[in-house]
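> pasting the structure only:
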């Protein structure tokens, strides 16, 4: 089985990204300003907390975009705000011909959008769909929706731009792990969750075109819809640590693939890296023992389910079933494959738990 995972940052690249973010912070927060926990309420003239607006300015500058907005609802809220700012109810949205992420599917249904599908792995299919159906916008998920996805984000966005088609990228699970996100590749908007980047629960980011971001701000007039300054500062602090921590995780994954494919655990048929949705280790067994392994692993210290998929709360490794979109594309995977996210653990911990979990029924 072959997969085409996103290219992770090297440790050196991750450090450079961290340093660049800190340099951007220094340019926007002189003196002791960054030691402020953050303000609350609607500042006259901004209609939002002052610290929230300053953090948004840092995010826009860091991602090389005209504007950014922090929104409630985490990544789902960011996608919802972005699509609502780009489309009217009932309009046509071009998407990849693959199972749509469940929360995104709910947004499309709520807006009554007409979904136009095209295989983003085939540039000619994308062009044909645009010319034939004339969608009003496109949505592209940065990480993989199917195991055989191999499309290049920048190339697909370039195709959209040739037709003047506005696009929104779902950059969840990719931010601070790869070199560039959607808006840095020419997309109209990038959207992602701060919760997946060691930030607070419930805060999402939309970054990109100034006019579209301004449309989002119009929908957040009330104080209750604002991301407060305290939340904004917590989100920014978490973002600083994300690139290096995820680079460490990528190194652990690479070591695990080498060890498992080298026969370290006989019950394992093969192991490989995939973006499903976060970049994880997929482990396939010779026998259909996935359920038994998962039940045993949690008794040995593995997390049995995600909190925010790489949130600040997830320290031990995660042993979990393969993602819903992957199961939908191939239902047989559920009995013979699991996904493992090392989170903050080392390869030795993951191998110990996996080895003992595989042999629990043989005692």
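Structure received. The structure displayed is predicted, hence computed values, not measured ones.
> only C-alpha atoms from now on, for both contacts and neighbour counts.
Noted.
> contact partners for residue 278?
Contacts for residue 278 were tallied using Cα atoms under 8 Å, 6 or more residues apart in numbering; they are 143, 172, 173, 174, 309.
> recalculate using a threshold of 10 Å.
5-6, 143-144, 172-174, 177, 196, 309-310, 323, 341 (Cα atoms under 10 Å, 6 or more residues apart in numbering).
> farthest-separated two in these?
177 and 323 (19.4 Å; Cα to Cα).
> out of those two, which sits in the more crowded spot?
Ranked by neighbour count (other Cα atoms under 10 Å), residue 177 and residue 323 place residue 177 first, with 26 against 19.
> phi, psi of that one?
phi -110, psi -30 (degrees, to the nearest 10).
> the strands in the stretch 201-350 of the chain, which residues?
203-208, 268-275, 279-285, 318-321, 337-341 (DSSP state E, counting those that start in this stretch).
> okay, and the residue positioned nearest the centre of the chain sits in which element?
In the chain, the C-alpha nearest the mean C-alpha coordinate belongs to residue 172, at 1.6 Å (Cα atoms, centre = their mean). Using DSSP states H and E, residue 172 maps to neither a helix nor a strand.
> so what's it closest to, chain neighbours aside?
residue 192 (4.7 Å; Cα to Cα, 6 or more residues apart in numbering).
> also residue 55?
Residue 55 sits nearest to residue 232 (Cα to Cα, 6+ apart), 6.3 Å away.
> what do you get for residue 141?
Nearest residue to residue 141, sequence neighbours excluded (Cα to Cα, 6+ apart): residue 170, at 4.6 Å.
> quick check on the one you found: phi, psi?
In terms of degrees, to the nearest 10, the main-chain angles of residue 170 are phi -90, psi 100.
> burial count for residue 24?
17.
> that one is in contact with residue 62, isn't it?
Yes. Look at residue 24 against residue 62 with Cα atoms under 10 Å: they come within range, at 6.4 Å.
> look up how far residue 29 lies from residue 197.
21 Å (Cα to Cα, to the nearest Å).
> looking at these two, which one has more neighbours?
Legend: neighbour count by other Cα under 10 Å for residue 197 and residue 29, higher for residue 197 (29 against 17).
> can you give me every residue that contacts the more buried one?
Here residue 197 is in contact with 172-176, 235-243, 245-246, 308-312 (criterion: Cα under 10 Å, 6+ apart).
> go with 8 Å
Contacts for residue 197 (Cα under 8 Å, 6+ apart) come out as 235, 238, 239, 242, 310, 311, 312.
> try residue 119
Contacts for residue 119 (Cα under 8 Å, 6+ apart) come out as 96, 97, 98, 125, 126.
> pLDDT at it, what is it?
Per-residue pLDDT puts residue 119 at 97.
> ok, so what distance separates it from residue 19?
Relative to residue 19, and taking Cα to Cα, residue 119 is found at 37 Å.
> now do residue 187
25 Å.
> now do the phi/psi pair for residue 94.
Torsion angles, degrees, to the nearest 10, at residue 94: phi -80, psi 130.
> my read is that it contacts residue 141, right?
No. Counting by Cα atoms under 8 Å, residue 94 does not reach residue 141; the two are 11.6 Å apart.
> more neighbours: which of the two?
Between residue 94 and residue 141, counted using other Cα under 10 Å, the more crowded position is residue 94 (25 against 21).
> what sits opposite that one in the beta ladder?
When assigned by DSSP bridges, residue 94 has beta-bridge partners residue 116, residue 138.
> so what's it up against?
Counting by Cα under 8 Å, 6+ apart, residue 94 makes contact with 115, 116, 117, 118, 129, 130, 135, 136, 137, 138, 139.
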